[in-house]
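S.K.: Here's my sequence, what's the structure:
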Amino acid sequence: MQKVCRAVIDIGTNSVKLLVAEVAGRVVTPCWSKAEQTRLGRGFYPMHRLRPDAILHTARAVAGFAEVAAKFKPVSTRVIATSAAAGRSQSSGVARRDPREAVRLPVEVITGEERGKLGVSRGYQ
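M.R.: Residues are numbered from 1 along each chain as shown. Presented below is the predicted three-dimensional model:
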């Protein structure tokens, strides 16, 4: 089976992760991975709003990881986020820094259960 390069950027409540891997069927061989603590969810619960500084930090991490992934020339780059970390913006000032707008790739908002099935929470295993 032919190997293809694929990339996944995972926007989480506390970090953004990038995995670039060679994939052949169901066999995934990591080529490059990195995580950056962005703490997107910091301070969310008291006001039920994401903080602008956390959104900006996350957006920058997503954009940087998208640039790194592109250097590997993957056949696909998926950007995923759970609904809790999807960057719901509450004001026009925050909307311009929404992580979903940091790259020109669609962000797939998935449930925590779907995230678990993908193995994202276990380091993409």
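S.K.: Tell me who's in contact with V8.
M.R.: V8 makes contacts with K17, L18, L19, A21, T77, R78, V79, I80, V120, Y124, as judged by CB atoms under 8 Å, 6 or more residues apart in numbering. C-beta coordinates here come from the backbone N, C-alpha and C atoms, glycine included.
S.K.: Quick one: buried ones out of those?
M.R.: K17, L18, L19, A21, T77, R78, V79, I80, V120, Y124 (16 or more other CB atoms under 10 Å).
S.K.: Just confirm the first one contacts A7, I think it does.
M.R.: In other words, K17. No: using CB atoms under 8 Å as the test, K17 is too far from A7 to be in contact (11.0 Å).
S.K.: Now do stretch 41-60, average pLDDT.
M.R.: Throughout stretch 41-60, pLDDT has a mean value of 80.
S.K.: Any buried residues in it, and which?
M.R.: G41, F44, L50, R51, A54, I55, L56, H57, T58, A59, R60.
S.K.: Could you work out the most separated pair of those residues?
M.R.: Across the buried residues of stretch 41-60, the longest distance by CB to CB is 18.8 Å; it joins F44 and R60.
S.K.: which secondary element of the chain has the worst mean pLDDT?
M.R.: helix 92-95 (a mean of 34; mean pLDDT, DSSP states H and E).
S.K.: which is the next helix or strand following that helix?
M.R.: Sequence-wise, the next helix or strand downstream of helix 92-95 (DSSP states H and E) is strand 107-110.
S.K.: Compute the distance between F65 and R26, please.
M.R.: F65 is 24 Å from R26, where distance means CB to CB, to the nearest Å.
S.K.: Could you list every helix and strand in contact with the lengthiest helix in the chain?
M.R.: Ranked by residue count and defined by DSSP state H, the top helix of the chain is helix 52-71. Under the contact criterion of 3 or more CB pairs under 8 Å, 6 or more residues apart in numbering; DSSP states H and E, helix 52-71 touches strand 4-11, strand 15-24, strand 27-37, strand 76-82, helix 92-95.
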